[in-house]
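# Model the structure of this input:
(chains A and B)
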Amino acid sequence: MVMYEKTAEHFGQKFKDLPEGHLLVNLGPSHPATHGILQNVIQIDGERVVDTESVIGYVHRCFEKLGERYDYNQFLVCTDRMNYVSTPLNNIGWILTVEKMMQIQVPDRVTYVRMIISELSRIMDHIICNGIMGVDLGAFSGLLHLFHHRENIYQILEKLTGARLTTTFCRVGGMERDIYPEFQSEIKLILKGLKPALDEFEELLIRNKIFNERTKGIGGISSERAIAYGFSGPNLRAAGVPWDVRKDDPYMFYDKVDFDIPVGEDGSALDRTLVRMEEMRQSMRIIEQLIDGIPEGPYHADVPHTFLPPKDRVYHNMEELIYHFKIIMHGVKVPPGEYYHATEAANGELGFYVVSEGEKSPWRVHVRRPCFWYYQAFPEMVKGGLLADTIATMSSLNVIAGELDC
Amino acid sequence: MKEKLTEFIQTQWKDSLLPQRDINTNLLYFSIQKESLPTVVQTLKDHPEFAFTFLNDLTSIDWLGKREPRFEVVYLLRSPSNNHFRFQLRVPVGEGESVPSIAGIFPAANWPEREVFDLMGIPFSNHPRMERLIMPDNFVGHPLRKDYPLEGPGQDYLIEDLLTIHVEEDITG
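Residues are numbered from 1 along each chain as shown, chains lettered A, B, ... in the order given. Below is the predicted model:
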């Protein structure tokens, strides 16, 4: 209670002299619908939202500061814990930035696998977002229906990396290990099952009258306001702006595959859900184009001072032993410079801004995490609506506390 | 685009431009005086050809012991109509100085500026609400500063503080 009293004091200026009949409601910090630990102080008049204030920082771990302490490979485990719903996308974003700084060209095989895993992660993320949105609005079966397919993707990640949640998928110069023999056939099987499941999900949840009426026109934002607030990803596209880093500033082989950018009309909660549904289908389309063409070859670039050599060579070869020791003790050597690299994560533009002074650790790491930018528009989006609609708005924005606070 | 923009900025704001270091970077960048920042940003946003209508990123760097002045605030602007071209504006700031806020030009700058204030300790003038965003209000210091100890002196203070609150709560409740 003391903490809440402090909060009321803190917002004393903003919510001073509440008109009669107005109430202050704390939504969060721990509430099933807040998607992590964050708080919204909402001023309501009956059921109507008059004003809100968001409090973030409950899961802040100061990753940017840790980035200045860890070496480039060590920081990879921090990126896992940012958007924990689609971890490989964060890993890939970070590693691509470091590789660009070091001017390392990875083999095509690595890029193919990274792209496939990226798109699978996007599907994973969207399944959670759309499924949990149903749960928040009172429909549980939709999430259960798709969760089985998400679990299948997790099993792929488990076989590939040894971990399910914190995958630490890439390494500077390649991947931690090669793909396993059944990789392609298993993914094809997943896609085969996922396609009808998405259609069924749409029938089950999105065409449901209650869901439709609770999301249509709710929590909308115009394209101008979305741009002004720095929106990106599905939330921006739902407002009718067809921007996608994969098309606008292509990285990996995204300029060589065919896919469309779905856009919405009014940026409402329903539009955001529909855009995510279509994005899952487009991701499947990208995977289908890549899955049979994974080229043969090594799973890492030929950069001895960067990539850990195979163990059998370390045990019998002095040079390899030295490389192994140097990488473990001193990390990779990144030339001095500054770099900003953006990737299209499931939530939008994920950018890493790195300042290197040529030392073991970066001088400065900054993460442009998409959640942070659009959550500040939340008060504007829910003002004037019903209290129950704030839940739909927040769910459809896909606010991930780990990414928001970083 | 690079040449055009460079020429435009060099002719328009010749006096505001500061000498630039040679940085190995993938972005075009300009160092400018902090007083001219809002004008430059507003002009580039409204310019029909350049149209830098999207604030892509906003952060800061602490150059403690390496360069003077100590801090740099970095703005990344993007022009969607010019093939999503990005460039950087860098504003050097000394300790105890403030930077004019651009939250009036881009609403998106509101939280990132508060974050910079909270974690790096650089205040922004004319900001609608210059308060801590991420750390608790009673937190001491700015953790992203290079001289802030990694173990954190604020840590003991905070835990102690939280403990007292809970003890008092137990006693009174």
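
# Can you show me the strands along the chain?
Using chain A here. A:22-27, A:39-45, A:48-55, A:170-171, A:174-175, A:337-345, A:348-356, A:364-368 (DSSP state E).

# looking at chain B here, not the other one
B:28-31, B:54-62, B:71-79, B:85-93, B:99-100, B:124-125.

# mind listing what residue 56 touches?
Chain wasn't specified; assuming chain A. Shown here is residue A:56, whose contacts under the criterion CB atoms under 8 Å, 6 or more residues apart in numbering or on different chains are A:38, A:39, A:375, A:401, A:404, A:405, B:133, B:134. To be clear about C-beta, it is placed using only N, CA and C from the backbone, and glycine gets the same treatment.

# That was the other one, I meant chain B.
A:230, A:342, A:349, A:351, A:368, B:76, B:77, B:78, B:86.

# Make a markdown table out of those residues and add neighbour count.
Below are those laid out as a markdown table (neighbours: other CB atoms under 10 Å in any protein chain shown):
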| residue | neighbour count |
| --- | --- |
| A:230 | 29 |
| A:342 | 26 |
| A:349 | 27 |
| A:351 | 23 |
| A:368 | 24 |
| B:76 | 23 |
| B:77 | 22 |
| B:78 | 23 |
| B:86 | 20 |
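
# Nearest to residue A:256 among these?
Nearest to residue A:256 out of those is residue A:342 (CB to CB; 18.7 Å).

# What sits closest to that closest one if chain neighbours are left out?
residue A:351 (4.2 Å; CB to CB, 6 or more residues apart in numbering or on different chains).

# What residues are bridge-paired with the one you found?
residue A:342, residue A:368 (DSSP bridges).

# Test my guess that it contacts residue A:365.
No - here residue A:351 lies out of contact with residue A:365, judged by CB atoms under 8 Å, at a distance of 11.3 Å.

# Tell me the spacing between residue A:58 and residue A:37.
4 Å (CB to CB, to the nearest Å).

# And for residue A:341?
Residue A:341 is 29 Å from residue A:37, by CB to CB.

# Who has more neighbours out of those two?
Neighbour count, other CB atoms under 10 Å in any protein chain shown: between residue A:341 and residue A:37, residue A:341 has more, with 22 against 18.

# Tell me who's in contact with the more buried one.
Neighbouring residues of residue A:341 by CB under 8 Å, 6+ apart: A:93, A:96, A:97, A:100, A:251, A:351, A:352, B:26.

# same question, residue A:183
A:156, A:159, A:160.

# Quick check: which of these are also close to chain B?
With CB under 8 Å from any CB of the partner chain as the criterion, no member of the contacts of residue A:183 is in contact with chain B.

# Would you list the buried entries among these?
When neighbours are counted using 16 or more other CB atoms under 10 Å in any protein chain shown, those contain these buried positions: A:156, A:160.

# Could I get the pLDDT score of residue A:16?
Reading off the per-residue confidence, residue A:16 sits at a pLDDT of 70.

# Any idea how many residues pack against it?
Here the neighbour count serves as a burial measure; for residue A:16 (other CB under 10 Å) it reads 7.

# What of residue B:82?
Residue B:82 has 15 nearby residues by other CB under 10 Å.

# Can you report how many residues lie near the residue in the stretch 51-200 of chain A positioned nearest to chain B?
Using CB to the nearest CB, the closest approach of the stretch 51-200 of chain A to chain B is made by residue A:57 at 3.9 Å. Taking other CB under 10 Å as the criterion, the count of residues near residue A:57 is 20.

# quick one, what contacts it?
Neighbouring residues of residue A:57 by CB under 8 Å, 6+ apart: A:405, B:133, B:134, B:135, B:136.

# who touches the fourth one in this structure?
Shown in contact with residue B:135 (CB under 8 Å, 6+ apart): A:57, A:60, B:118, B:119, B:143.

# what about the last one, distance to residue A:126?
To tie it back to what came earlier, the one meant is residue B:143. As defined by CB to CB, residue B:143 lies at a distance of 34 Å from residue A:126.

# Between these two, which is the more surrounded one?
Between residue B:143 and residue A:126, counting by other CB under 10 Å, residue A:126 is the more crowded of the two (27 against 21).

# was I right about that one contacting residue A:278?
No - assessed by CB under 8 Å, residue A:126 is found out of contact with residue A:278, at 9.7 Å.

# that older thread, pull up the overlap in contacts between residue A:58 and residue A:37.
A:29, A:401.

# Could you give the bridge partners of the residue in the stretch 301-406 of chain A that chain B sits nearest to?
At 3.3 Å from chain B, residue A:337 is the closest residue in the stretch 301-406 of chain A, using CB to the nearest CB. Beta-bridge pairing of residue A:337, defined through DSSP bridges, involves residue A:356.

# can you pull the pLDDT of it?
pLDDT at residue A:337 comes out at 93.

# for residue B:3, same thing?
On the pLDDT scale, residue B:3 is placed at 87.

# Give me the neighbour count for it.
When counting by other CB under 10 Å, one arrives at 8 neighbours for residue B:3.

# show me what contacts it?
Taking CB under 8 Å, 6+ apart as the test, residue B:3 contacts no residue whatsoever.

# Can you list the low-confidence ranges for chain A?
Per-residue confidence of chain A (counting by pLDDT under 70) places the weak regions at A:1-14.

# can you give me the helices in the stretch 151-300 of chain A?
A:183-201, A:209-215, A:223-228, A:233-238, A:245-248, A:269-291 (DSSP state H, counting those that start in this stretch).

# quick one, which of these is nearest to residue A:68?
Taking CB to CB, helix A:245-248 is the member of these nearest to residue A:68, at 25.8 Å.

# residues of the closest one that come out buried?
Of the residues in helix A:245-248, those buried under the neighbour-count criterion (16+ other CB under 10 Å) are A:245, A:246, A:248.

# Just give me the neighbour total for the residue of the stretch 301-406 of chain A closest to chain B.
Other residues within reach of residue A:337, judged by other CB under 10 Å, total 17.

# hang on, it packs against residue B:22?
No - Residue A:337 is beyond contact range of residue B:22, at 10.3 Å (criterion: CB under 8 Å).

# quick check, stretch A:234-251 touching chain B?
Yes - using CB under 8 Å from any CB, we find that stretch A:234-251 touches chain B at A:243, A:248, A:249.

# Please tell me I have it right and the first one contacts residue B:84.
Yes - under the criterion of CB under 8 Å, residue A:243 is in contact with residue B:84, at a separation of 7.5 Å.

# Looking at these two, which has the bigger crowd around it?
More neighbours surround residue A:243 than the other of residue A:243 and residue B:84, with 22 against 16 (other CB under 10 Å).

# ok, now which ones touch the more buried one?
By CB under 8 Å, 6+ apart, residue A:243 lies in contact with A:232, A:236, A:237, A:261, B:80, B:84.

# Point out the residues in the stretch 301-406 of chain A that sit beside chain B.
If contacts are counted using CB under 8 Å from any CB, the residues of the stretch 301-406 of chain A sitting beside chain B are A:335-342, A:349, A:351, A:353, A:355, A:357, A:363-364, A:366, A:368, A:372-373, A:375-377, A:405.

# Pull out the buried members of those.
Buried members of these, scored by 16+ other CB under 10 Å, are A:337-342, A:349, A:351, A:353, A:355, A:363-364, A:366, A:368, A:372-373, A:375-377, A:405.
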